[in-house]
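Novice: After the sequence you'll find the predicted model.
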Protein chains: 2
Amino acid sequence: MFGRSATGAVGEATLSEKSSRSEVVYKLLRQAILEQALKPGTKLSEDTIADHFKVSRTSVRGALVRLNAEGIVDLRANKGACVAEPTLEEARDIFALRRMLEAEVIRRLVANLDGAGVRRLQQHVKQEEAALSDHGPLSIRLAGEFHILLAELTGSQALTRFVREIVSRCSLILARFARLHSPECAVDEHVQIICALQSRDTATAERIMREHLDAVELRAELDTDKAEPDISAILQRYARKS
Amino acid sequence: MFGRSATGAVGEATLSEKSSRSEVVYKLLRQAILEQALKPGTKLSEDTIADHFKVSRTSVRGALVRLNAEGIVDLRANKGACVAEPTLEEARDIFALRRMLEAEVIRRLVANLDGAGVRRLQQHVKQEEAALSDHGPLSIRLAGEFHILLAELTGSQALTRFVREIVSRCSLILARFARLHSPECAVDEHVQIICALQSRDTATAERIMREHLDAVELRAELDTDKAEPDISAILQRYARKS
DNA sequence: ATCAACATGATTGTATACAATATTGACGAG
DNA sequence: CTCGTCAATATTGTATACAATCATGTTGAT
């Protein structure tokens, strides 16, 4: 269904599931936002999206409601939807919470991570390295999904849920404020984290993760050019046939 | 709009906001679930709900999608919605995470809570005490909202969001597993928490909160009678005129 | 020229109608 | 009597049509 989805590890179903139209629109919009193709502030007109995906507004609305509940789309009454624009204050708040959540992830993994988990992490990093060459949006998404994969490996659904949400919002923050457009995480830092986890040294693992997140946050710095792109051209790339 | 809403502190807007129909259905369903009037596993038929609230299925679907995104409603494809039924495993997972989140709330409040905040907390506890007499569903909801209010007073939107979600799910867990049907939190424990916060003693405050959450979790114990109630009678009580 | 009031157009919110899927019960073979 | 098949019913998923609200640009008075 998704063509070159390429993750296979972090995502939801293992394909073969026939998604509803609303579901498809949801996933594609989410992907477009997290790959920073749809930037914060971009107006998400129901008609436009419906036309480009060849579905009715009903399906689009369902997707927008879900995205709004996840906090990556703002939905003002009678005034339509747009990609959420986190403020600098919210950004600091979210990074602080992210550090706390991911510290918990690390503590749990140091205690519980097994060989199969390590292999999944290494495989994911390999994908990241492969995607790094084209400097495309794929590497941005994969970088975030590494952190989600870490959370998944704890086995805690609730923790995974929260990490997924907060990583999404961090992606928005970086799209809004980061000077560099490069992937948000350096791949070798991910490798270091895996090593630290294998050595089962909690203090070191926590420190590396903290430094890693500090590095990510440092890339966020105020920027003001916020032209409103027309989303038609962008959606075109996401309108793969059903 | 909500008649005897009675919270005024925790809720969203200060009334005067004209909510959409979908929004109204969302709020009422959520309230009904959190007050344990709609118990875990209850089927939520779109037609039934639409008829009782005198709105179209469209509005109901929007509400169900939101509730699903919050994790308090399960939404299986082509098979309808029902109130989420957390498993015992999920329950332990959620309680563990809740302890972590609320410990963070306490740490932040010890550092930052001001007089105005203390007054809001005391006022809320007063409402809890007043509601305790009728042993109704109101006290159950207020008990949860005390914890949400604590999170709000940290000033962190993200933390508040997560606490709100996890408290909701804890409410579901207690509805499913708790033997006693009494309000989930003892009010005097809330008073103790406020005192500990005022004394700015982090260790004590954290300990009391931990004990408090332990006490809540202890009420969860397997129970098996899960008859499917007809929701018509229940929704009747929530169909206040718009 | 500035600004207010209004009319027009565009977009969202809601309802209804139709299509697709699942559930239920009857029927008949073994 | 039990089980499987199939028709009938009910429920969800989607599209279209209509109502309500908001944005925009024109007109006219000051």
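Specialist: Arrived safely. Bear in mind the structure is a predicted one, so any value in this text is a computation, not a measurement.

Novice: Now do the domain split for chain A, please.
Specialist: Structural domains annotated on chain A: A:21-84+A:226-238, A:88-218, as defined by automatic domain parsing.

Novice: DNA strand D: which of those domains is closest?
Specialist: For those, the distance to DNA strand D is smallest for domain A:21-84+A:226-238, at 3.2 Å, taking C-beta to the nearest atom of the strand. Backbone N, C-alpha and C define where each C-beta goes, glycine included.

Novice: so which helix or strand takes in the residue nearest to the spatial centre of chain A?
Specialist: Geometric centre of chain A, nearest residue: A:Ser168, 4.1 Å, by C-alpha atoms, centre = their mean. Per DSSP states H and E, A:Ser168 falls inside helix A:157-177.

Novice: next one: A:Val24
Specialist: Short version, using DSSP H and E: A:Val24 is in helix A:21-34.

Novice: and after that helix, which helix or strand comes next?
Specialist: strand A:43-44.

Novice: just checking, what packs against the helix holding A:Val24?
Specialist: For helix A:21-34, the elements it packs on are helix A:46-53, helix A:57-69, helix A:137-153, helix A:157-177, helix A:231-238, judged by 3 or more C-beta pairs under 8 Å, 6 or more residues apart in numbering or on different chains; DSSP states H and E.

Novice: In chain A, what residue lies closest to chain B?
Specialist: A:Ala69 (3.5 Å; C-beta to the nearest C-beta).

Novice: Skip ahead from the helix holding A:Ser168 and say which helix or strand is next.
Specialist: Beyond helix A:157-177 on the C-terminal side, the first helix or strand identified by DSSP H and E is helix A:187-198.

Novice: Following element in sequence after that following helix, please.
Specialist: helix A:202-218.

Novice: residues in contact with A:Thr58?
Specialist: By C-beta atoms under 8 Å, 6 or more residues apart in numbering or on different chains, the contact set of A:Thr58 is A:22, B:58.

Novice: Distance from the helix holding A:Val24 to the middle of the chain?
Specialist: Relative to its chain's centre, helix A:21-34 lies at 12 Å (C-alpha atoms, centre = their mean, to the nearest Å).

Novice: The helix holding A:Ser168 - contacts with which helices or strands?
Specialist: helix A:21-34, helix A:88-112, helix A:137-153, helix B:88-112, helix B:157-177.

Novice: Now distance to B:Lys27 and mean pLDDT too, for those, in TSV please.
Specialist: Formatted as TSV, the helices and strands packed on helix A:157-177 follow (distance: least, C-beta to C-beta, whole Å; pLDDT from 0 to 100):
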stretch	distance to B:Lys27	mean pLDDT
helix A:21-34	22	96
helix A:88-112	24	94
helix A:137-153	30	93
helix B:88-112	23	94
helix B:157-177	13	94
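
Novice: Mind checking the ones you listed for the one nearest to A:Ala131?
Specialist: Judged by C-beta to C-beta, the one of the helices and strands packed on helix A:157-177 that comes nearest to A:Ala131 is helix A:137-153, at 4.3 Å.

Novice: So stretch A:59-78, near DNA strand C or not?
Specialist: Yes. If you take C-beta under 7 Å from any atom of the strand as the test, stretch A:59-78 does meet DNA strand C, through A:61, A:75, A:77-78.

Novice: List the contacts of the residue of chain A found nearest DNA strand C.
Specialist: Relative to DNA strand C, the nearest point of chain A is A:Gly80 (3.1 Å; C-beta to the nearest atom of the strand). A:Gly80 makes contacts with A:43-46, as judged by C-beta under 8 Å, 6+ apart.

Novice: quick revisit: to A:Ile193, which of the helices and strands packed on helix A:21-34 lies closest?
Specialist: helix A:137-153 (7.7 Å).

Novice: rewinding a little: mind putting the helices and strands packed on helix A:157-177 in TSV, distance to A:Val118 included?
Specialist: What follows is the helices and strands packed on helix A:157-177, written out as TSV (distance: least, C-beta to C-beta, whole Å):
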stretch	distance to A:Val118
helix A:21-34	26
helix A:88-112	10
helix A:137-153	9
helix B:88-112	23
helix B:157-177	29
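
Novice: and chain A, which residues reach chain B?
Specialist: Contact residues, chain A versus chain B (C-beta under 8 Å from any C-beta of the partner chain): A:20, A:58, A:61-62, A:65-66, A:69-71, A:77, A:90, A:93-94, A:96-97, A:100, A:104, A:156-159, A:161-162, A:166, A:169.

Novice: try 7 Å this time
Specialist: Residues of chain A that fall close to chain B, judged by C-beta under 7 Å from any C-beta of the partner chain: A:20, A:62, A:65-66, A:69-70, A:77, A:90, A:93-94, A:97, A:100, A:104, A:156-159, A:162, A:166.

Novice: Mind giving me the ChimeraX command for buried ones among the residues you listed?
Specialist: Applying 16 or more other C-beta atoms under 10 Å in any protein chain shown to the residues of chain A next to chain B, the buried members can be selected in ChimeraX as follows:
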select /A:62,65,66,69,70,90,93,94,97,100,104,156,157,158,159,162,166
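
Novice: The helix holding A:Val24 close to DNA strand C?
Specialist: No. Helix A:21-34 stays clear of DNA strand C (C-beta under 7 Å from any atom of the strand), getting no nearer than 10.6 Å.

Novice: outside of that helix, which residues touch it?
Specialist: A:38, A:53, A:55, A:59-60, A:62-63, A:66-67, A:72, A:83, A:141, A:144, A:168, A:171, A:234, A:238, A:242 (C-beta atoms under 7 Å, 6 or more residues apart in numbering or on different chains).

Novice: tell me the contacts of the residue nearest to A:Gly144 when sequence neighbours are not counted?
Specialist: Once flanking residues are discounted, A:Gly144 sits nearest to A:Val167: 4.7 Å by C-beta to C-beta, 6 or more residues apart in numbering or on different chains. Contacts of A:Val167 were listed using C-beta under 7 Å, 6+ apart, and they are A:144, A:147-148.

Novice: For chain A, which residues are neighbours of DNA strand C?
Specialist: Taking C-beta under 7 Å from any atom of the strand as the contact definition, chain A meets DNA strand C at A:18, A:44-47, A:57-58, A:61, A:75, A:77-81.

Novice: Now tabulate those residues in JSON lines and tack on pLDDT.
Specialist: Output for the residues of chain A next to DNA strand C, formatted as JSON lines (pLDDT from 0 to 100):
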{"residue": "A:Lys18", "pLDDT": "76"}
{"residue": "A:Leu44", "pLDDT": "97"}
{"residue": "A:Ser45", "pLDDT": "97"}
{"residue": "A:Glu46", "pLDDT": "97"}
{"residue": "A:Asp47", "pLDDT": "96"}
{"residue": "A:Arg57", "pLDDT": "97"}
{"residue": "A:Thr58", "pLDDT": "97"}
{"residue": "A:Arg61", "pLDDT": "98"}
{"residue": "A:Leu75", "pLDDT": "96"}
{"residue": "A:Ala77", "pLDDT": "93"}
{"residue": "A:Asn78", "pLDDT": "94"}
{"residue": "A:Lys79", "pLDDT": "94"}
{"residue": "A:Gly80", "pLDDT": "94"}
{"residue": "A:Ala81", "pLDDT": "97"}
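
Novice: Now that we have the residues you listed, which of them are buried?
Specialist: For the residues of chain A next to DNA strand C, buried by 16+ other C-beta under 10 Å: A:44-46, A:61, A:75, A:81.

Novice: Most widely separated two among those?
Specialist: Largest separation among those by C-beta to C-beta: A:Ser45 and A:Leu75, giving 12.7 Å.

Novice: Would you confirm that A:Arg169 contacts A:Ile94?
Specialist: Yes. Using C-beta atoms under 7 Å, A:Arg169 is in contact with A:Ile94, at 5.3 Å.
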